[in-house]
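**Q** Test case, fold it:
(one chain, ligands or ions: 2)
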Amino acid sequence: MPPEPRTAIATVCLSGTLDDKLAAAAAAGFDGVELFENDLLVSPSSPAEIRRRCADLGLSIDLYQPFRDFEAVPPDLHAANLRRARHKLDVMAALGADTVLVCSSVSPHAVDDDDLAAEQLHALAEVAAGRGMKVAYEALAWGRHVSGYEHAWRIVRRAAHPALGLCLDSFHILSKGHDPAPIRAIPGEKIFFLQLADAPALPMDVLPWSRHHRLFPGQGDFDLTAFTGHVLAAGYRGPLSLEVFNDVFRQADPRPAAVDAMRSLLTLKESLGLLDLPPAPAPAGHAFAEVVTDPGAGRVLATLGFARTGVHRTKPVELWEQGDARVVVNESGAAHGAVGAVALAVPDPVRAARRAEALLAPVLPRTRGPREADLAAVAAPDGTEVFLCGNDDWRGDFVPTGETADGAGIIGIDHVALTQPFDHFEAAASFYRAVFGLTPSPVTEFAAPYGLVRTRGVAAGNVRLTLDSTVVRRGEWAPAVPEPQHVAFACTDAVAAAEAMRALGAPLLDIPGNYYDDLEARLDLPPSRLAALRANSVLYDRDSHGEFLHFTTALAGARVFFEVVQRIGGYRGFGVVNAPVRMAAHRARRNAGLPLGTLA
Ligand SMILES: O=C(O)c1ccc(O)c(O)c1
Ligand SMILES: [Mg+2]
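**A** Ligands and ions are numbered 1, 2, ... in the order given. Next comes the predicted model:
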């Protein structure tokens, strides 16, 4: 295995003051930082104090950035630029930083003259070299005359100064669709710095795309593995450094954000064969789901045909079962009122937990009472507990009740919908992908009653999770309660299940007639099919692989409800198109003041 590269993160990625950022970067295990000039300018600490702080935290300052609008200007401006540069190099000396990033000029004073650019960068490199420092030249995607790395490399080659090299930034190269393969031909020692950022494919101008929408590697649509592979193949041996300008990350708690960033780098290293981790666990299915709520949830499950098969030996927790669907109802934290845990059936829980730990997932203490199963559990970014179950030992925690029920057609858990706090949307998908090997689906957006919601699934085998969040932070007029989470059960005949559950008194949501009139207009379903859906308030969707029928209960706790779904053929989605009518129906019930889990 090649040597493992060092890691760094640009302070601009993180929220807070410089102290907050440095502490978060160090805590997440980064080796160094790119110090963004503005973070220094607004800091009350002197450069020497910042240098000591970084040393105390075990961080190097790998790059001082950015120095702007330097090259290819008329002589008087060049003299002023050199003077400005000398000042910054002095600051760098006090910081103990040896590389300055010069990004390609956006100034209207710059001229389109590679010879002049090379000559002036040579002059800068000469000044830097006199202090044992280096200059890394970066082509901004929107640079006035230099906007591609191959152009920047021609200028660096022409300048031919040992203290002048390139800074490669994946965003500027991949956002413009430039081929990164020729990077392999650049001598590695002339690549002074590597900045990594991913991004979603967005049809927009590169500057706002770069300044607002960058993501950590693996979170967007760029191929960072191939890109980084080219740079390493060239012989680059500097740090892998994250430079991510993102509106949400900039205002999120920097400590979990830095952990999310590091998890992304660890996964990237793994994909490059630079890091050996226990493999992702290939989960087979949902062992159980836990809802933390008031006793209403159990009563609602009874009306869906579930039997209360066990009570926990030591905790106010019940086990409810139907087919292979198992729900643990935990009444010990009713205020939380949502999905508390998902439990994945995995072949080797110990190995899966080791991978999770290596990827910085907090491993939860095993609070074991007498006869309580030794379950490995880790915390997802939003605090949801993820249990790893190799077998059914966990059932031993429950004293069997002997209770049975006739059932109403449920055969297992189809998916668990884990509505995410606004700040965690990207980190959540990365977490489930990196730690458990679940594959994220593309993000879709829909208009919900209180604003736009974005959603994506993460799935592998029979494990499916959905991760929803609002597109922008919620408006003040929206109800204080966040969107609920839910557990969706699989059945083989949704219409029959809805009939059976209504007969048992299930509090199923009523869907308005407008919805069915629109279904008829759009999909031309057979009249008997449409009538059955309408009569039972069953929702419908289809894709190129199959069909999807589903219906939901009223809220069974402050933030949780249940859904019943039928997949026909290879339908891949989650009925997202129907989320707005379901949300509006929940809202209507909430606004009508119906108590939670009110039975029909
Ligand atoms: O958006 C910018 O100005 C900016 C500055 C420095 C960089 O390294 C970069 O990639 C972008
Ligand atoms: Mg950059």
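
**Q** Could you name the helices and strands sitting against the one helix or strand His486 maps to?
**A** Of the helices and strands defined by DSSP states H and E, His486 is found in strand 485-491. Using 3 or more C-beta pairs under 8 Å, 6 or more residues apart in numbering; DSSP states H and E, the elements in contact with strand 485-491 are strand 325-330, strand 338-345, strand 410-417, strand 560-569. (Each C-beta comes from the backbone N, C-alpha and C, glycine too.)

**Q** List the buried residues in the helix or strand just after that strand.
**A** Note on strand 485-491: by DSSP H and E, the next helix or strand toward the C-terminus is helix 494-503. Going by neighbour count (16 or more other C-beta atoms under 10 Å), the buried part of helix 494-503 is 494-495, 497-502.

**Q** Save the helices and strands packed on strand 485-491 as CSV, and put in mean pLDDT and distance to Asp253 too.
**A** Shown next, in CSV, are those (pLDDT from 0 to 100; distance: least, C-beta to C-beta, whole Å):
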stretch, mean pLDDT, distance to Asp253
strand 325-330, 95, 27
strand 338-345, 94, 20
strand 410-417, 98, 24
strand 560-569, 97, 25
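
**Q** re earlier: parallel or antiparallel, list what pairs with the strand holding His486.
**A** If you go by DSSP bridges, strand 485-491 pairs up with strand 410-417 (antiparallel), strand 560-569 (parallel).

**Q** Which among the helices and strands packed on strand 485-491 is found nearest to Glu476?
**A** The closest approach between Glu476 and any of these, judged by C-beta to C-beta, belongs to strand 338-345 at 22.1 Å.

**Q** From the contact counts, what lies against that closest one?
**A** Applying 3+ C-beta pairs under 8 Å, 6+ apart, we find strand 338-345 packed against strand 285-292, strand 385-389, strand 410-417, strand 485-491.

**Q** Select, out of those strands, the one closest to Thr7.
**A** Once the helices and strands packed on strand 338-345 are compared by C-beta to C-beta, strand 385-389 is nearest, at 25.3 Å.

**Q** Stretch 152-165: which residues count as buried?
**A** For stretch 152-165, the neighbour count (16+ other C-beta under 10 Å) marks 152-153, 155-156, 159, 161, 163-165 as buried.

**Q** go on, stretch 37-47?
**A** Residues of stretch 37-47 classed as buried by neighbour count (16+ other C-beta under 10 Å): 37, 39-40, 43, 47.

**Q** now do stretch 297-317
**A** So for stretch 297-317, counting by 16+ other C-beta under 10 Å, buried means 297-312, 317.

**Q** Intersect these with the contacts of ligand 1.
**A** Restricting the buried residues of stretch 297-317 to those within reach of ligand 1 (C-beta under 6 Å from any ligand atom) leaves nothing.

**Q** Just the ones in helices from those residues, please.
**A** 297-303 (DSSP state H).

**Q** So which of the residues you listed is the closest to ligand 2?
**A** Taking C-beta to the ion as the measure, ligand 2 lies nearest Ala297 of those, at 49.3 Å.

**Q** Can you name the residues of the stretch 151-300 of the chain sitting close to ligand 2?
**A** Contact residues, the stretch 151-300 of the chain versus ligand 2 (C-beta under 5 Å from the ion): 169, 195, 243.

**Q** Out of those residues, who's the most crowded?
**A** The most crowded member of these, judged by other C-beta atoms under 10 Å, is Glu243 (28 neighbours).

**Q** That one and Leu418, how far apart?
**A** Counting by C-beta to C-beta, to the nearest Å, the separation of Glu243 from Leu418 is 30 Å.

**Q** Same check on His178?
**A** From His178 to Leu418 the distance is 37 Å (C-beta to C-beta).

**Q** More neighbours: the two, which one.
**A** Leu418 (22 against 18).

**Q** From ligand 1, how far off is that one?
**A** 33 Å (C-beta to the nearest ligand atom, to the nearest Å).

**Q** wait, that residue sits on Val458?
**A** No. Contact criterion C-beta atoms under 8 Å: Leu418 and Val458 do not qualify, at 9.3 Å.

**Q** Need the residues touching each of those two.
**A** 465-467 (C-beta atoms under 8 Å, 6 or more residues apart in numbering).

**Q** looking at the sheet around the residue of the stretch 1-150 of the chain found nearest ligand 2, what are its partners?
**A** Of all residues in the stretch 1-150 of the chain, Glu138 sits closest to ligand 2, at 5.5 Å by C-beta to the ion. Beta-bridge partners recorded for Glu138 (DSSP bridges): Cys103.

**Q** From Ala160, how far off is it?
**A** Distance, Glu138 to Ala160, using C-beta to C-beta: 19 Å.

**Q** do Lys134 as well
**A** 14 Å.

**Q** end-to-end on stretch 311-329?
**A** Using C-alpha to C-alpha, to the nearest Å, one end of stretch 311-329 lies 10 Å from the other.

**Q** Please identify the residues of the chain in proximity to ligand 2?
**A** Proximity of the chain to ligand 2, by C-beta under 5 Å from the ion, involves residues 169, 195, 243.

**Q** Adding secondary structure, write these out as JSON lines.
**A** Below are the residues of the chain next to ligand 2 laid out as JSON lines (DSSP: H, G, I helix; E, B strand; the rest coil):
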{"residue": "Asp169", "secondary structure": "strand"}
{"residue": "Gln195", "secondary structure": "strand"}
{"residue": "Glu243", "secondary structure": "coil"}
